[in-house]
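Asker: sequence? don't have it. structure:
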């Protein structure tokens, strides 16, 4: 998990790994499964502003390797990085929409055709 450089804290209790990040929390649960490891991921990311939004998700991945193998660690760090990128994209989309809604609208600039007699 060294590939999560800004982790504030990483703790492990039994088969659960918890990663505290500046922008959220990640919980990973490792299960031995036939042929490898099943990884359950739960993430919650928070926007850093007073009206901050929270984005959360959960999913599972399978890795054809034992829980303590480097292959499992690589999948874990890749999944955490991908979920953080997705959260950043979601925030960008929301900010673009908010900016569009906050822009003043000039009724004289409307391109709508006038209505017939009502």
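Answerer: Perfect, I can see it now. Keep in mind the model is a prediction, meaning the values are calculated, not measured.
Asker: can you map out the strands along this structure?
Answerer: 9-13, 16-21, 24-33, 36-46, 54-63 (DSSP state E).
Asker: looking at those, which is closest to residue 71?
Answerer: Proximity to residue 71, assessed across the strands of the chain by C-beta to C-beta, is greatest for strand 54-63 (5.6 Å). The way it works is simple: take the backbone N, C-alpha and C, and place the C-beta from them, glycine included.
Asker: Strand partners (parallel or antiparallel) of that closest one?
Answerer: Using DSSP bridges, the strands paired with strand 54-63 are strand 36-46 (antiparallel).
Asker: Run the angle between the partner strand and strand 16-21 for me.
Answerer: 30 degrees (axes from the mean of the first three to the mean of the last three C-alpha atoms, to 10 degrees).
Asker: Pick the most buried one from the strands of the chain.
Answerer: Compared across these, strand 36-46 shows the largest average neighbour count, a mean of 19 (mean count of other C-beta atoms under 10 Å).
Asker: what angle separates that one from strand 24-33?
Answerer: Going by the same axes, to 10 degrees, strand 36-46 makes 170 degrees with strand 24-33.
Asker: what sits up against strand 36-46?
Answerer: With C-beta atoms under 8 Å, 6 or more residues apart in numbering as the test, strand 36-46 has contacts from 21, 23-32, 52-67, 69, 72, 75-76, 79-80, 83-84, 87.
Asker: next one: stretch 64-82
Answerer: By C-beta under 8 Å, 6+ apart, the surrounding residues in contact with stretch 64-82 are 1, 3-4, 15, 17, 19, 26, 28, 30, 32, 35-37, 39, 41, 43, 61, 63.
Asker: change it to 6 Å
Answerer: Identification of contacts with stretch 64-82 by C-beta atoms under 6 Å, 6 or more residues apart in numbering yields 3-4, 26, 28, 30, 35-37, 41, 61, 63.
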